[in-house]
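**Q** Provide a 3D model corresponding to the input given below.
(chains A, B, C and D)
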Number of protein chains: 2
Amino acid sequence: MGQLEDIQVFIRVVESGGIGRAAEQLNIAKSAVSRRLSELEARLGCKLINRTTRSFSLTGVGKTYYERALKVADSVTEMNTEVADVGAALSGVLRIAVPQSFGLMHLTPAIDLFVKQHPEITIQIDFSDRHVDIVEEGFDVALRISGMKDSNFQARRLCPVHHVLAASPEYLQRKGGVTTISDLKHHQMLKYTGSSIALWTIVDSDGKEHQLSLTKAMSANSGDFLKDMAIAGHGIVNLPTFLIWKALASGDLVRLLPDCSMTTINAYAIYPMNRFLPKRARLFIDFLVERFGDNPYWDQHL
Amino acid sequence: MGQLEDIQVFIRVVESGGIGRAAEQLNIAKSAVSRRLSELEARLGCKLINRTTRSFSLTGVGKTYYERALKVADSVTEMNTEVADVGAALSGVLRIAVPQSFGLMHLTPAIDLFVKQHPEITIQIDFSDRHVDIVEEGFDVALRISGMKDSNFQARRLCPVHHVLAASPEYLQRKGGVTTISDLKHHQMLKYTGSSIALWTIVDSDGKEHQLSLTKAMSANSGDFLKDMAIAGHGIVNLPTFLIWKALASGDLVRLLPDCSMTTINAYAIYPMNRFLPKRARLFIDFLVERFGDNPYWDQHL
DNA sequence: CCTATTGTTCTAATAATGAGAATAGTAAAT
DNA sequence: ATTTACTATTCTCATTATTAGAACAATAGG
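**A** Numbering: from 1, shown residues only, chains lettered A, B, ... in the order given. Just a heads-up that it's a prediction; the model follows:
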């Protein structure tokens, strides 16, 4: 029992002017057309088409039904076409380049959810802290955590990346607390070398900038490594909250000088400037903006 | 393969929040629901609902499709309901009282066409020249050819009823022609007694009224009879054009004094004043107004 | 790891649908 | 009034579609 199919048969009969011609156009037997029309009329409880072997005309009700039926059939066609178009536009591969730590830690669950909402999109992700050339390497979108923008690309800001000073309670108990910026001079620093930042710039509660020159410090280009070293009591780190938020929440690390603020940079989604952005890429970026935003979930404890 | 039925299944799944509950509500097996949903998704080329055994959510495309699907389903329901309502409103008996001659001659083909256009209406017709009481005798509509209106009923004018003077060519050859109103005094008149008109009032081309008193004339209360007598050469008749139009067209009768005009009365559809008029009655009256109108087909030869 | 619950797949039974032949109906021509 | 030509309807059989229900798979919670 296909109501819409019956409606389409009815429309064809009306527009062709007879059951025989409708059968030809629909490529089904005229007995089938005759029966479907009769059953439609029976279901509606009135005659739609007045027909004999030599004459043909719509009843009054039939005219009304025909006009409404056309609208319904058009609506269904439009709906199916639009959904097919949207499906086609979204379907396909989305190639993303993301930084190692941030990618693994925060994009993994995000992408898991995104793919569940959009199973027609296939994600291909590249984890790397190196500078990737989006166009050259065929990525749709890259994530970058940076203070500055590349002029060859368009950027959509996803969220702020706050840095904080932190050390383990054991270390602070052993080496003494930190209550002023000057106190830091007597402490062991763990330096991140994966970025161009050589100095730690600290802004106190009065808004005055202080700079610490780290000449003699343990250093690595891995934030995860430095985090683990800090938890192990080896010193004080200056790392993004998205990296150490769980250690802060669990008490493995303690934030130092909370009234001071460090340089805040941002996470961006980068995509080519003068080029059509696939709808699925735009959808993904919108998804991340909504998921992270100005106050990401890892900053709730600040 | 029922597209609309698939849409309705999809809507039910979304609104119930699961395949099992939708199956319960639709009273079909959950395997049937599962298969129809899968086939709908296959036909559209993308996933509408993201589901596992314990979770359930619409995809982005699914949300769009759901909103469109609701509109389509509502349109179909409205369309079917409206047609069923119109069918129910029209279905039933239409009881009509009509004058004998006019009814037989002009309503028979008209009603034949009307019923073909509205097979759901059953006509019950009463041919009679007597004065019928519509309310008392249970008619929906009565036709009346009259110069005046009954104040207890509402009337819709259907068409004018022109009267003309006519005689057969044989009679005129035998008795001499008629070129002035005065000439009529020397001729044999055939008088219709089925109406209250006792005098023949003739208006000449100057607009002056002349009245002929018919004291000594053959008379009958049947227009058909008098028409036949006139064709047989027995005299001059003053009859409605709807009665003698074919005889005028064929030459069996010849119109006399065409520059003069006789009293023109009208045909009306009469229906009760302060009462709901069934839609089928209104439809029938509209049909007659359109079919007859100000210049009915029987007056084309005038 | 086990249990409970939901979704999917498979198979057999049932229902729906179309094809084609035969029949019915109707309008035009003779 | 009869015959002819053409279209619609009905009936029967074969094919296809669909459902029910059992079995299996998947998944989330305890």
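**Q** Mind checking what secondary structure A:Pro119 has?
**A** Using DSSP: H, G, I helix; E, B strand; the rest coil, the structure places A:Pro119 in coil.
**Q** right, I mislabeled it, should have said A:Gly207
**A** On the basis of three-state DSSP, A:Gly207 is classed as coil.
**Q** Count the neighbours of it for me.
**A** Neighbours of A:Gly207 under the rule other CB atoms under 10 Å in any protein chain shown: 7. C-beta: built from backbone N, CA, C; applies to glycine.
**Q** same check, this time on A:Ala166
**A** Neighbour count for A:Ala166, taken as other CB under 10 Å: 24.
**Q** didn't it look like it was pressed against A:Ile231?
**A** No. With contact defined as CB atoms under 8 Å, A:Ala166 does not count as touching A:Ile231 (9.3 Å).
**Q** intersection of neighbour lists for those two?
**A** By the contact definition CB atoms under 8 Å, 6 or more residues apart in numbering or on different chains, A:Ala166 and A:Ile231 are jointly contacted by A:Ala247, A:Leu253.
**Q** Tell me who's in contact with A:Gly177.
**A** A:Asp183 are the contacts of A:Gly177 under CB under 8 Å, 6+ apart.
**Q** And the pLDDT for it?
**A** Listed pLDDT for A:Gly177 reads 86.
**Q** I'd like the distance between A:Ile123 and A:Glu39.
**A** Taking CB to CB, to the nearest Å as the measure, A:Ile123 falls 49 Å from A:Glu39.
**Q** if you skip the residues just before and after it, what's nearest to A:Ile285?
**A** A:Ala269 (4.7 Å; CB to CB, 6 or more residues apart in numbering or on different chains).
**Q** do you know how far the one you found is from chain B?
**A** Relative to chain B, A:Ala269 is positioned 18 Å away (CB to the nearest CB, to the nearest Å).
**Q** Assess the claim that A:Lys191 and A:Ser219 are in contact.
**A** Yes. Counting by CB under 8 Å, A:Ser219 is a contact partner of A:Lys191 at 3.9 Å.
**Q** The two - which one has more neighbours?
**A** Set A:Lys191 next to A:Ser219 and count neighbours by other CB under 10 Å: A:Lys191 wins out with 19 against 14.
**Q** mind listing the strands for the stretch 151-300 of chain A?
**A** A:153-161, A:163-167, A:189-192, A:199-203, A:209-213, A:218-220, A:236-240, A:254-256, A:261-262, A:265-272 (DSSP state E, counting those that start in this stretch).
**Q** Contacts for the longest one, please.
**A** It refers to strand A:153-161. For strand A:153-161, contacts defined as CB under 8 Å, 6+ apart pick out A:134, A:143-145, A:149, A:240-242, A:264-273, A:285, A:288-289, A:292-294, A:296, A:299.
**Q** Within its sheet, name the partner strands of that strand and how each one runs.
**A** Partners of strand A:153-161 in the sheet, by DSSP bridges, are strand A:265-272 (antiparallel).
**Q** Just the element for the residue of the stretch 51-200 of chain A found nearest DNA strand D, please.
**A** Closest residue of the stretch 51-200 of chain A to DNA strand D, CB to the nearest atom of the strand: A:Thr53 (3.2 Å). Of the helices and strands defined by DSSP states H and E, none includes A:Thr53.
**Q** now could you export just the CA positions of stretch A:281-295 as CSV?
**A** Provided in CSV are the C-alpha atoms of stretch A:281-295 (Å, rounded to 0.1, in the frame of the first residue of the first chain):
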residue,chain,number,x,y,z
ALA,A,281,35.1,21.3,6.8
ARG,A,282,32.9,24.2,7.8
LEU,A,283,30.7,21.9,9.8
PHE,A,284,33.7,20.5,11.6
ILE,A,285,35.1,23.9,12.5
ASP,A,286,31.7,25.1,13.7
PHE,A,287,31.5,21.9,15.8
LEU,A,288,34.9,22.7,17.4
VAL,A,289,34.0,26.3,18.1
GLU,A,290,30.9,25.2,19.9
ARG,A,291,32.6,22.4,21.8
PHE,A,292,35.6,24.5,23.0
GLY,A,293,34.7,28.2,22.8
ASP,A,294,35.9,31.0,25.1
ASN,A,295,35.8,29.0,28.3
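**Q** and A:Ala167, what is it in contact with?
**A** A:Val178, A:His187, A:Ala230, A:Gly235, A:Ile236, A:Val237, A:Leu253, A:Val254, A:Leu256.
**Q** Not counting sequence-adjacent ones, nearest residue to the first one?
**A** Counting by CB to CB, 6+ apart, the nearest residue to A:Val178 once its immediate chain neighbours are dropped is A:Leu256, at 4.8 Å.
**Q** and if you look at the fourth one?
**A** In space, A:Gly235 comes closest to A:Gln188 once its chain neighbours are excluded; the distance is 3.4 Å by CB to CB, 6+ apart.
**Q** For the one you found, give me the backbone phi and psi.
**A** Main-chain dihedrals, A:Gln188, degrees, to the nearest 10: phi -90, psi 130.
**Q** Surely it is in contact with A:Val237?
**A** No. Applying CB under 8 Å as the test, A:Gln188 and A:Val237 come out as separate, 10.2 Å apart.
**Q** Look at those two and report which has more neighbours.
**A** In terms of neighbours (other CB under 10 Å), A:Val237 is the more surrounded of A:Gln188 and A:Val237; the figures are 28 against 16.
**Q** how much space between that one and DNA strand D?
**A** As for A:Val237, its distance to DNA strand D is 35 Å (criterion: CB to the nearest atom of the strand, to the nearest Å).
**Q** Output the residue of the stretch 101-250 of chain A whose distance to DNA strand C is smallest.
**A** Closest contact between the stretch 101-250 of chain A and DNA strand C, by CB to the nearest atom of the strand, is at A:Pro119 (11.4 Å).
**Q** what's the closest non-adjacent residue to that residue?
**A** Among residues not flanking A:Pro119 along the chain, B:Lys47 sits closest, at 4.7 Å (CB to CB, 6+ apart).
**Q** Next: A:Gly138.
**A** In space, A:Gly138 is closest to A:Arg95, 6.2 Å off (CB to CB, 6+ apart).
**Q** before we move on, back to that, which phi and psi does the residue nearest to A:Pro119 have?
**A** Backbone torsions of B:Lys47, given as degrees, to the nearest 10, read phi -80, psi 130.
**Q** hang on, isn't it packed against A:Ile121?
**A** No. Under the criterion of CB under 8 Å, B:Lys47 makes no contact with A:Ile121, lying 10.4 Å away.
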